[in-house]
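[1] take this sequence and fold it.
(one chain, ligands or ions: 1)
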Amino acid sequence: MSLLTMMQPPLEWSIPNFTAVFLFIAILLLKELRPIFKKTRYLTRPVTTKKKIPTVNQIPGPLQLPVIGTRWIYYTKYTLEKLHEAHKDMYRTYGPIVKEEALWNIPIINIFSKNEIEKILRHPSKYPLRPPTEVTAYYRATRPDRYASLGLINEQGETWHTLRSHLTPELTSAKTMSSFFPELLSVTEDFIRLLQVSKDANGIVEHFDDLACRMGLESTCCLILGKRLGVLEDEASEVSLRLANAVKEQFCASRDTYFGLPFYKLYPTKAYKRFVNAEEIIYDVISEMVENAENLENDTYLEDSPSVFQSILNNPGLDIREKKAGIIDFIAAGIKTLGNTLVFLLYLMAKNPECQEKIVDEIDSLTSGKELTLQALGKANYLKACIAESYRMLPTAPCLARILETDMELNGFHLPSGTVVLCHTWQASLMEENFQNADQFIPERWLGKERMPWLVAPFGAGRRLCPGKRFVELELQVLLAQIVRKFKLECAGELEIQFEFLMAPASPSSLKLVERT
Ligand code: HEM
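    Residues are numbered from 1 along each chain as shown. The predicted structure follows:
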C-alpha cells in the first residue's frame, strides 16, 4: 500500500518482482519501527475480549498481510479514486460485514446492512466518536501558534463538545436562515447570471463543477462572514481559484496520506507536503478574509444579515485561535461539499426532465408565478423530494465513520469497544431490499411516509450531525427552484464520479442549459 505512496507510484500500478522484494524487506523493517508510529497514531487496536465468538478476526474480508493489512488492494486491484467501487465489490464478495485492515493490522469494519447501520448511528452517546483525519490532527498539533485544538471536525470528547456548543448555535438556528434568505436569493441570482454568460452557443456550460464550487464559496462566505466576496463575477478572482483548488487538494492529499503509511511523521513525504501546502493556503486566504471583515465598519456588513462570524468573534468562551480556526473550518467545509452536491443534484435533474416540469408547476402554483418566498419553499414538497432522492442516489458523503464506545454485536460478530466502523449508507441506499426500484430516480417515494433517516443521511446523524445542514438544505432548495424556473437542464454526457475523500465529479464536468421562453 502506501509504502507505495512514499515512492509515488501511479495508482493503477502493478507490483513488479523487485518491488515485491522491497515491500517484503520494508514490512520487516516496519515491524521494528512500529513503536515510533504507534505513539502518534490515532487509531488504536480495540481492546479484545474472550467472551464472545465469532469475533472480529473471523469477519470475512480481503487477504490480510502483516503490518500493511489489506491496504495493498488499493494499489493492485483498485485505485483510490474508485474506492466506492472497491466497497461495492467487497459487499458482493464477502456480504454485509467486511473486515479491512489498516496499518498495524488495525481492523476497519465495513457495515452494509440497514439494521446494523441504524444500530450504530442510534447508539446513545454523549460525545460520539468519529475517527479524526489523522494528517490534519498531526499537522495541527505541530502548529500551536495557529491551532489551540484539532478543531470541531477532528476533536473528541469534552473538547469537541465545548467547541460545538460555542461555534455552532448561530449557524444552526432557523432564525439565522430566515434572515439570510434574501441574501441567498441574491447570490443565486448572480450564479444564474454566471451560468448564462458561461454557456456556449449550444447551451453547454463547460467546467460546471468549478462554477458550482464558486457558488459554494460565495454563499458560505456570505453566510459566515456576512459579506459578499464577489467570486461569481464573470472572471473568477485569483483568490477564489486558489482557495477552491486548495480545498480540493486538501481532500485528495488527506485521502492519499490516509491510505498510505504515516511516514510523514518521520519526514515530509510528497503527499504530506501537498497537504500542508493546501492547508496553509486555506488558512492564509481565509484569515485575510476574516481580518478584512473584522476591520470593516459595522455599516458595511450586509444589512439585517446575521454574521456567524461576528457571533463567534464576540464569544468570550473561546481562544482567538479557536475562533479563527472554527471560521476557517466552516468555510472550507462548505466549498467542495456544496459544489459537489449541486453538481450531483442538477445532473440527476437533467436526466429526469419530467421532474423538472413538476417542480416548475409546484413553485409557480405556490408563488402564483411571482418571486420565491420562504413560505412557498416550506410547502414545496415535490422539490424537497427531488433533493432527498438525489441524496439517496448520489450523495457527497458515501459513508459515516464511528468508533464504537461499547462492545456491540453486529451481523452476528462481536465487536469490542474501540473498533472503527464505516457505515456504508450510500451502498445500502442503492439496495433493492431497502428501496424498491433502487436504481431509478423516483422522488415520489419521499412524498409518503418514507423516511430512513439512518440510511439516507447525507449530513450524518446524532450529535455529530453536520452543523451546515440547515444552510445547505435551504440553499439547494433555492438553487433548484430558481434554476429550473429559468432553464431546462439537459445532460451533456455521462457524469464521471471519483472518490476524493468525498464523492466528487471528475473534473471537468458539463451541463446543458436551455433557456425557458
Ligand atoms: C452539501 C454540503 C455538505 C454535506 C453533504 C456535509 C456532510 C457532512 C457529514 C456527513 C458530516 C459528518 C457527520 C457525522 O459524522 O455524523 C459533516 C460534519 C461537519 N460539517 Fe458538513 N456537510 C456539508 C456542508 C457543510 C457546511 C456548509 C458547513 C459549515 C458551514 C459544514 C460543517 C461541518 C462541520 C463543522 C462538521 C463536523 C461536525 C462535528 O463533528 O461536530 N458542512 N458534514
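[2] only C-alpha atoms for contact and neighbour calcs from this point on.
    Noted.
[3] is any residue of the longest helix seen in the chain near the ligand?
    When the chain is parsed with DSSP state H, its longest helix is helix 320-351. Yes - Helix 320-351 is in contact with the ligand by Cα under 6 Å from any ligand atom, via Phe330, Ile331, Ala333, Gly334, Thr337, Leu338, Thr341.
[4] any weak-confidence spans in this structure?
    1-52, 293-306, 450 (pLDDT under 70).
[5] enumerate the residues of it near the ligand.
    Residues of the chain lying near the ligand (Cα under 6 Å from any ligand atom): 152-153, 164, 330-331, 333-334, 337-338, 341, 396-397, 400, 458-461, 464-468, 472.
[6] quick one: secondary structure of Ile53?
    Under the three-state scheme (DSSP: H, G, I helix; E, B strand; the rest coil), Ile53 adopts coil.
[7] excluding its backbone neighbours, what's nearest it?
    His414 (6.4 Å; Cα to Cα, 6 or more residues apart in numbering).
[8] for whichever strand or helix holds that neighbour, packing partners?
    His414 belongs to strand 413-415 when assigned by DSSP states H and E. Helices and strands touching strand 413-415, as assessed by 3 or more Cα pairs under 8 Å, 6 or more residues apart in numbering; DSSP states H and E, comprise strand 408-410.
[9] give me the phi and psi angles of the closest residue to the ligand within the stretch 401-517 of the chain.
    At 3.3 Å from the ligand, Gly460 is the closest residue in the stretch 401-517 of the chain, using Cα to the nearest ligand atom. As for Gly460, its main-chain torsions (degrees, to the nearest 10) stand at phi 90, psi -160.
[10] what's the answer for Glu101, then?
    When read as degrees, to the nearest 10, the backbone of Glu101 gives phi -130, psi 130.
[11] relative to Thr70, how far out is it?
    With distances taken as Cα to Cα, to the nearest Å, Glu101 is found 5 Å from Thr70.
[12] overlap in contacts of the two?
    Between them, Glu101 and Thr70 share these contacting residues under Cα atoms under 8 Å, 6 or more residues apart in numbering: Gln64.
[13] all helices for the stretch 251-400 of the chain, in order.
    Listed in chain order, the helices of the stretch 251-400 of the chain (DSSP state H, counting those that start in this stretch) span 270-295, 308-313, 320-351, 353-367, 374-379, 381-393.
[14] swap in the stretch 1-150 of the chain?
    For the stretch 1-150 of the chain, the helices defined by DSSP H, counting those that start in this stretch cover 3-6, 17-40, 73-76, 83-94, 114-122, 134-141.
[15] distance between stretch 110-119 and the chain's centre?
    20 Å (Cα atoms, centre = their mean, to the nearest Å).
[16] and the nearest residue to Thr257 once chain neighbours are set aside, how many residues sit next to it?
    Leaving aside its sequence neighbours, Thr257 sits nearest to Ala271 (Cα to Cα, 6+ apart; 6.1 Å). By other Cα atoms under 10 Å, the residues close to Ala271 number 23.
[17] use 454 as the first number from now on
    In the new count, where the first residue is 454, that last one comes out as Ala724.
[18] hmm, back to that, reformat the residues of helix 773-804 next to the ligand as TSV; add neighbour count and distance to Arg667.
    What follows is the residues of helix 773-804 next to the ligand, written out as TSV (neighbours: other Cα atoms under 10 Å; distance: Cα to Cα, whole Å):
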residue	neighbour count	distance to Arg667
Phe783	22	15
Ile784	24	12
Ala786	18	13
Gly787	22	11
Thr790	20	12
Leu791	25	10
Thr794	28	13
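[19] re earlier: a markdown table for the helices of the stretch 704-853 of the chain, including distance to Lys939?
    Shown next, in a markdown table, are the helices of the stretch 704-853 of the chain (distance: least, Cα to Cα, whole Å):
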| stretch | distance to Lys939 |
| --- | --- |
| helix 723-748 | 32 |
| helix 761-766 | 31 |
| helix 773-804 | 13 |
| helix 806-820 | 9 |
| helix 827-832 | 17 |
| helix 834-846 | 15 |
